[in-house]
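Participant: Generate coordinates for the sequence data below:
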Amino acid sequence: MDRLEQYYSICFQFWVIGENLIGAVVFACLCRDFSLRKRRIWMVGAAFWALMMVLYYLPWEFGFSGACGISLAAAWVVWICLDPGESFGKIYLTLTFGTLNWICMVIASNFYLMVSDGFDYFVYRFTRSSDKTWQLFFVAFNVMEFLHFIILGLLLSGSAALMKKCFLRRRCSLNQKELCILLIPSALGVFNHLIRRAYNSKVEMQLSAVSKEWHIDLLWCVNDLILIAAILLVLLLFERHKQQMELQQDRSILQEQVKDMKSHIRAVEQIYASIRGLKHDLGNHALVLRGLLAKGNYEEAQVYAGTLADAAERLQYGISTGNPVTDVIINEKRREAEERGITFQADFRYPQTGGIDAFDISIILNNGLENAFAGAMASKNPFVSVHAGQKKHTWLLTIVNSFAGELRWEEESGLPKTTKEPGVHHGYGLKNIRSVAEQYYGCMELCQRESGEAGNFWEKQVVLTVMLQLTSADI
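Facilitator: Predicted coordinates for the structure are as follows:
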């Protein structure tokens, strides 16, 4: 019997190691899917598995739920160290995985109890030799542990896969309120199991036969599956809501951009209407001047000619870019900079070839200069410069502004965090610029640097660089 107990102990420990290893592998894969720095993420799963095994072999009784909670907390710390940022999202993933792991373990255990009763009945009913009875029990034990292992693996990996699919935005950025809302189903699942454990303990003390009824275990399994479905459903509904909110924000931003574009077009149309009117009346103006000069009214002719010169000057822009739309934008931004006390420099050349739409460039200019003005206003001596030109198959735009602070970067997008209050139209300018650049197989880069030029009075600069690829057929 001593040898038999030894066999049981070795096999049981083998299955415990395997079941904990399943949880570690699934958790590491889940962490990797939601990590920007994927190198060495396997260490998160390794930390979880190692601590689970250490707690298993300690002489103190922790229980599966306690050991899982401690191990997941340690694994979360390792995850944060390897991939900083999005701490609330990582808390949600860790706690939800812990709940799913616990529920899946309970389902597999209930299935184990239901089927093991059948094995016990079979062994007692059809065996007569006591020498073979323990062998059959040993085989049955390993078969049941194997089924427990397979069911746990399928349930846990399936739940993690569905959880990943529920993240429609393919990221896990949550704030504190969203974290609390999403953890409600998991909290209900934990309380459900605590109540069940207390109920089962009381019932087993009074009537042990109740715990042996298979249909009660089956009902508990159905209850657990409903809990898993509730966790995933709440996550899916939350993600769809966030996705709709982002679409609404993008739509609102696009409407604002179309509104700006329409205002630029109206300004251009007014200029062209004034030019057509001046051209139409040019003959009449020439006749009036000729009449004044013929009569010797030189002073009146000089005044009249000066009025014509003023009218012609109003139709000209101080900065010419080579395109009427960008003419309007650059000169409006120059006037805005003067009103806000910002030193403004512009050397902008619209690409005459390459198939780039003026509407797309207006999105880049409007958003880029708006961000530059906002950043420059925080410095003592605000300064903004814009430079753009074409070189072979590339059009390059650079916007530089003074800045008196430090940019804080979002880990997920790689873009600076907005300094404005959260709102519908805030924090999307750079994303729109990058989206336009990608349409032309280009890129966008934003960096902060120290001013290295002699005589400059600002200490720091923010530099936005946008590169667009020109169509070779048009060059």
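Participant: In PDB, could you pull the C-alpha coordinates for stretch 8-17?
Facilitator: Only the C-alpha atoms of stretch 8-17 are listed here, as PDB (Å, rounded to 0.1, in the frame of the first residue of the first chain):
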ATOM      1  CA  TYR A   8      -0.800   8.100  -6.600                       C
ATOM      2  CA  SER A   9       1.300  11.000  -5.100                       C
ATOM      3  CA  ILE A  10       3.700  11.100  -8.100                       C
ATOM      4  CA  CYS A  11       0.900  11.100 -10.600                       C
ATOM      5  CA  PHE A  12      -1.200  13.700  -8.700                       C
ATOM      6  CA  GLN A  13       1.800  16.000  -8.500                       C
ATOM      7  CA  PHE A  14       2.400  15.500 -12.200                       C
ATOM      8  CA  TRP A  15      -1.200  16.500 -13.100                       C
ATOM      9  CA  VAL A  16      -1.000  19.500 -10.700                       C
ATOM     10  CA  ILE A  17       2.200  20.700 -12.500                       C
END
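Participant: is it true that Y56 touches A67?
Facilitator: Yes: counting by CB atoms under 8 Å, Y56 does reach A67; the two are 6.7 Å apart. For every residue, glycine as well, the C-beta is placed using N, CA and C.
Participant: neighbour count winner among these two?
Facilitator: Per other CB atoms under 10 Å, whichever of Y56 and A67 has more neighbours is A67, with 19 against 14.
Participant: what's V54 in contact with, if anything?
Facilitator: By CB atoms under 8 Å, 6 or more residues apart in numbering, V54 lies in contact with nothing.
Participant: Pull the helix or strand harbouring it out as PDB, backbone CA atoms only.
Facilitator: For V54, the host element (DSSP states H and E) is helix 42-57. Below are the C-alpha coordinates for helix 42-57, written out as PDB (Å, rounded to 0.1, in the frame of the first residue of the first chain):
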ATOM      1  CA  TRP A  42       6.900  34.700 -21.300                       C
ATOM      2  CA  MET A  43       8.500  35.700 -17.900                       C
ATOM      3  CA  VAL A  44       5.000  36.800 -16.800                       C
ATOM      4  CA  GLY A  45       3.700  33.200 -17.200                       C
ATOM      5  CA  ALA A  46       6.800  31.800 -15.700                       C
ATOM      6  CA  ALA A  47       6.400  33.900 -12.600                       C
ATOM      7  CA  PHE A  48       2.800  32.800 -12.300                       C
ATOM      8  CA  TRP A  49       3.600  29.100 -12.600                       C
ATOM      9  CA  ALA A  50       6.600  29.200 -10.400                       C
ATOM     10  CA  LEU A  51       4.800  30.900  -7.500                       C
ATOM     11  CA  MET A  52       1.800  28.600  -7.900                       C
ATOM     12  CA  MET A  53       4.100  25.600  -7.400                       C
ATOM     13  CA  VAL A  54       6.000  27.200  -4.500                       C
ATOM     14  CA  LEU A  55       2.700  27.900  -2.700                       C
ATOM     15  CA  TYR A  56       1.600  24.300  -3.500                       C
ATOM     16  CA  TYR A  57       4.600  22.800  -1.800                       C
END
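Participant: for R37, helix, strand, or coil?
Facilitator: In three-state terms, and counting by DSSP: H, G, I helix; E, B strand; the rest coil, R37 is coil.
Participant: Now for it, how many residues are close by?
Facilitator: Number of residues near R37 (other CB under 10 Å) recorded here: 12.
Participant: What of C81?
Facilitator: 11.
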